[in-house]
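Asker: what shape does this take:
(one chain, ligands or ions: 1)
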Amino acid sequence: PKITFIDAADVARTVEAEVGSTVMETAIRNGVPGIDAECGGACSCATCHVYVDEAWRAVVGEPEPMEEDMLDFAFDVRPNSRLSCQIRVRPELDGLVVRTPERQG
Ligand code: FES
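Answerer: Residues are numbered from 1 along each chain as shown. So this is what the prediction gives:
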């Protein structure tokens, strides 16, 4: 599945993701800027914050309570905020668009 990351300056980068990996891992592996992922995917840093494109919110789903709590530490949280290490890549997510925030933390 392909995932498009759009940064705060509106630059889009589309990369190939592996099913079973996470959106955060996909960004790191492909050198997509804007995601720090300091904790390495343990849901304990909130520096992998992304905004899920409105068209994709229902498919991606809502955060689990633990993620919700951690999101409180992210910068400029919005209703479509998610921690990208908690979004598992599935075939249905082909074409997913997420935006990275102006800064992490
Ligand atoms: Fe730390 Fe996602 S990488 S919360």
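Asker: give me the neighbour count for the closest residue to residue 18 other than its chain neighbours.
Answerer: The spatially closest residue to residue 18, leaving aside those adjacent along the chain, is residue 89, at 6.3 Å (C-beta to C-beta, 6 or more residues apart in numbering). (C-beta placed from N, C-alpha, C; glycine too.) A total of 19 residues lie near residue 89 under the criterion other C-beta atoms under 10 Å.
Asker: from residue 99, how far out is residue 89?
Answerer: Per C-beta to C-beta, to the nearest Å, residue 89 is found 17 Å from residue 99.
Asker: repeat for residue 8
Answerer: Residue 8 is 8 Å from residue 99, by C-beta to C-beta.
Asker: looking at these two, which is more packed in?
Answerer: Each of residue 8 and residue 99 has its neighbours counted (other C-beta under 10 Å); residue 99 has more, 18 against 12.
Asker: per-residue confidence for that one?
Answerer: For residue 99, the model assigns a pLDDT of 98.
Asker: next up, the contacts around it.
Answerer: With contact taken as C-beta atoms under 8 Å, 6 or more residues apart in numbering, residue 99 is in contact with 5-8, 50-51, 53.
Asker: put together CSV for those residues, with distance to residue 104 and secondary structure on each row.
Answerer: Output for the contacts of residue 99, formatted as CSV (distance: C-beta to C-beta, whole Å; DSSP: H, G, I helix; E, B strand; the rest coil):
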residue, distance to residue 104, secondary structure
5, 13, strand
6, 15, strand
7, 12, coil
8, 11, coil
50, 10, strand
51, 12, strand
53, 19, coil
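Asker: out of the residues you listed, grab the one that's most surrounded.
Answerer: Neighbour counts for those, by other C-beta under 10 Å, peak at residue 50, which reaches 27 neighbours.
Asker: so what's the closest residue to that one other than its chain neighbours bridging to?
Answerer: Leaving out its chain neighbours, the residue that sits closest to residue 50 by C-beta to C-beta, 6+ apart is residue 98, at 4.2 Å. With DSSP bridges applied, residue 98 shows beta-bridge pairing to residue 5, residue 52.
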